[in-house]
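1. The sequence and its predicted three-dimensional model are supplied below.
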Amino acid sequence: MMMRKKVEDEAITEEAKDWPQILAVILGCLSALTSGLLISWTSPFMPKITQDKVNYDITEDQASYFTALNMAAICIVSPMTISISDSIGRKKAILLTAIPHSLSWIIKATSTNLYALYAARFLVGCGDALQFSSLPIYLGEITTPKVRGIWGCNMTCSMFLGQFLINVIGAYFSIKETAYICLIVPVIFVLTFSFMPESPYFYIIKGRDEEAKESLRWLRRMKNVDKEFNELQVAIKRQMSESGTWRDLVMIKSNRSALIAGIFLRVAQLYSGMFAFAAYNQDIFAKSGGSVGPAVSSMIYMGVSFVLNTLSSVFSSKLGRRKSYVTSSVLASIALLAEAVYFYLEAYQPDVDLSGVKWFPLADMMAFVLFCSFGIGLLPTLMLSELFSVSVKAKGVCVVTTIFGLMTVITNILFYNINLYVGLWASFFLFCGCTMLAAVLVNFLVPETKGKTLEEIQDILRGVK
């Protein structure tokens, strides 16, 4: 009797540890680090490829497809990934991303053929489609609200780190050398993340209760996880009571609200210009004619992006999702407007002397990064892990990812052609208007999820008080 009371007392006083969840998040996000390296590979290497007529002989028009092919692959492949994380598990689905990502680096290291490079960029999108449909789900399901509030943004931060590193590495190494260096990342990812636990949600869905408890014990570093397990079981049972069909995704109010919020957040993020700037930042800085070279400017831009987004995850977790997003959008739109005015004056007002403010484009882009870092840049990926019910989560994330890929292709092509035929100023005006509009719409389309469990978020979407 005394022994039983002692065990019960230990269970009551036992507290969950945060570090195992954080470790799983960091190692899982090594796949996002690889994505960041691959997505921004175009920034340092498109100029090198188009200028190297001996090894590559590729025109600027041909090279422009490098920024579109990976996103086109996301559109095509995302619908095929719907059942993967639900059938083999979130963890295994994330591990599979290493295959196309590694193949992409190998092709870049061994071939100079245009179509081989196109294939390499397509493979990037294949890996990203699987990652975008499984990693946010995994991060949302393994973390407590406290940990998710800060570390749930790590996927975005890891991508920014990759974008920074590729600009640094690309400034000093050749295309082939860079490919071999970057190939190390997916290898380390597979070797380390393989030892992390599967999502307890996946095990409960599959009826593997003991494995779910074991996963929770590892993630929380607690012996007695019965209370959390029972709560998860009840929540998942309720969510799985929905049939989870495509019709349910749009006809059930909570699912429809989640879908609208997810699509809005992703599209608004794109039309802030963030991804276009990541793909073309060296070209932007070259056109600005500043005293700092485009390669160095790109390194500064992406480095600041990584640092600020990492630090700002704490700020957004304290302020709340919507307040962070509105503040971020308004300030970012002001920075975009200032950049648009600068490039407009440079293009159409030759009488205005801008020689004394050549530093402005880089400085203003740093301000843009700062303002995006605690809202537009971080929250879409974090909230994508929170919004959907278990029964439609794979389908919902798939739809958002497919639309994200399609709109990224359109955005990058639009950005390239507006710059070519109208001017850089017009792109900044467009992104400014879209970002200001997003600051208004977020109040009507996106729920506040700060400090909420995944089941509590579903209650909000269903309108349950």
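-> Good, I have the coordinates. Numbers count the residues shown, from 1 in each chain.
2. so what's the residue lying closest to Ser389 once chain neighbours are set aside up against?
-> If the residues on either side of it in the chain are set aside, Ser389 comes closest to Gln239, at 4.4 Å by C-beta to C-beta, 6 or more residues apart in numbering. Placement of C-beta: from N, CA and C, glycine included. If you count contacts by C-beta atoms under 8 Å, 6 or more residues apart in numbering, Gln239 has them with Ser389, Val390, Ser391, Glu455, Gln458.
3. Wait, the second one touches Ile236, no?
-> Yes - between Val390 and Ile236 there is a contact under C-beta atoms under 8 Å: 5.4 Å.
4. Gln239: what secondary structure?
-> For Gln239, the secondary-structure state derived from DSSP: H, G, I helix; E, B strand; the rest coil is helix.
5. could you give the mean pLDDT of the helix or strand harbouring Val234?
-> Here Val234 sits within helix 226-240, counting by DSSP states H and E. Here helix 226-240 scores 87 as its mean pLDDT.
6. Please apply the same query to stretch 88-100.
-> Throughout stretch 88-100, pLDDT has a mean value of 96.
7. what about it, start to end distance?
-> This stretch, stretch 88-100, spans 18 Å end to end (C-alpha to C-alpha, to the nearest Å).
8. With stretch 191-209 instead?
-> Its start and end residues considered, stretch 191-209 measures 27 Å (C-alpha to C-alpha).
9. So which bits of it are buried?
-> Buried residues in stretch 191-209, counting neighbours by 16 or more other C-beta atoms under 10 Å, are found at Phe193, Met196, Pro197, Glu198, Ser199, Pro200, Tyr201, Phe202, Tyr203, Ile204, Ile205.
10. so what's the nearest residue to the fifth one once chain neighbours are set aside up against?
-> Read that as Ser199. In this structure, Ser199 finds its nearest non-sequential neighbour in Glu141, 4.1 Å apart by C-beta to C-beta, 6+ apart. Glu141 is in contact with Arg90, Ser199, Pro200, Tyr201, Phe202, Ser385, Leu454, counting by C-beta under 8 Å, 6+ apart.
11. among these, which are in helices?
-> Secondary structure from DSSP state H places Arg90, Pro200, Tyr201, Phe202, Leu454 of the contacts of Glu141 in helices.
12. wait, which of the contacts of Gln239 is closest to Asp61?
-> Relative to Asp61, the closest of the contacts of Gln239 is Ser389; by C-beta to C-beta it sits at 44.7 Å.
13. so that closest one touches Ala258, yeah?
-> Yes - Ser389 lies in contact with Ala258 (C-beta under 8 Å); the separation is 7.3 Å.
14. any idea how far Thr435 lies from Ser328?
-> Thr435 sits 9 Å away from Ser328, going by C-beta to C-beta, to the nearest Å.
15. Common neighbours of the two, please.
-> By C-beta under 8 Å, 6+ apart, Thr435 and Ser328 have these common neighbours: Ile376.
16. In PDB, please show the C-alpha coordinates belonging to stretch 139-152.
-> Taking only C-alpha atoms (Å, rounded to 0.1, in the frame of the first residue of the first chain), the coordinates of stretch 139-152 have been written out as PDB:
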ATOM      1  CA  LEU A 139       6.500  19.000 -35.100                       C
ATOM      2  CA  GLY A 140       3.000  19.900 -34.100                       C
ATOM      3  CA  GLU A 141       2.300  16.400 -32.800                       C
ATOM      4  CA  ILE A 142       5.400  15.800 -30.700                       C
ATOM      5  CA  THR A 143       5.500  19.100 -28.900                       C
ATOM      6  CA  THR A 144       3.600  20.600 -25.900                       C
ATOM      7  CA  PRO A 145       2.000  24.100 -26.500                       C
ATOM      8  CA  LYS A 146       4.900  25.600 -24.500                       C
ATOM      9  CA  VAL A 147       7.600  24.100 -26.600                       C
ATOM     10  CA  ARG A 148       5.700  24.500 -29.900                       C
ATOM     11  CA  GLY A 149       5.200  28.200 -29.200                       C
ATOM     12  CA  ILE A 150       9.000  28.800 -29.400                       C
ATOM     13  CA  TRP A 151      10.500  25.800 -31.200                       C
ATOM     14  CA  GLY A 152       7.700  25.200 -33.700                       C
END
